[in-house]
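Student: have a look; sequence and predicted model below, questions after that.
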Amino acid sequence: MNYVPLEESNTSIKVKSIFCFVIAPEMKRKGIATLLLKRVCKDAAQDGFDFVEAYPYKESSYQSSDFGGYFEMYRKSGFYVFLEAEQGLVMRKQLKQHRH
C-alpha cells in the first residue's frame, strides 16, 4: 500500500492529496495551516474532487522532519482515519455525496 490515491485508477472517485505544510517558524501555532487546509478543501470541492486526503503521523507530537500536519488539525476539520498504515495514517474528508 505505497500508492496514492488508494482507489483503482478505473474508478470515478477523485482524490486530492495534501503532502505537506511548510510554515515559517515564527508563524507557527497561529492557525495558518488550518486556514490553508480549509482553502484546499474549498478549492477541491469546486474542482469536482470527492475527497481530500492527508498523511499525518500517528503520534501527536509534531515531527520537524515531516510536514504532514497534526492529526488533531485534520480531525477538527472533518477528516476521518481512512487507513492506518505502518508509516502513519491516511485521513480523508468527504467533499460531496456519492450517488448510487
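Tutor: Now that the structure is in, tell me what you want to look at.

Student: spatially central residue for the chain, please.
Tutor: residue 54 (2.3 Å; C-alpha atoms, centre = their mean).

Student: just checking, that one touches residue 21?
Tutor: No. With contacts counted by C-beta atoms under 8 Å, residue 54 stays clear of residue 21, the gap being 9.4 Å. For every residue, glycine as well, the C-beta is placed using N, CA and C.

Student: got the contact list for residue 33?
Tutor: Applying C-beta atoms under 8 Å, 6 or more residues apart in numbering to residue 33 gives the contacts 21, 23, 69, 70, 73.

Student: chain neighbours aside, what residue packs nearest to it?
Tutor: residue 21 (4.4 Å; C-beta to C-beta, 6 or more residues apart in numbering).

Student: and the longest helix that the chain contains, what's buried?
Tutor: What stands out as the longest helix in the chain, according to DSSP state H, is helix 32-46. Buried residues in helix 32-46, counting neighbours by 16 or more other C-beta atoms under 10 Å, are found at 33, 34, 37, 40, 41, 44, 45.

Student: do you know how far the fourth one is from residue 53?
Tutor: This means residue 40. Relative to residue 53, residue 40 is positioned 11 Å away (C-beta to C-beta, to the nearest Å).

Student: find the residues that touch each one of these two.
Tutor: Joint contacts of residue 40 and residue 53 (C-beta under 8 Å, 6+ apart) are 16, 18.

Student: residue 51: neighbour count?
Tutor: Counted with other C-beta atoms under 10 Å, the neighbours of residue 51 add up to 21.
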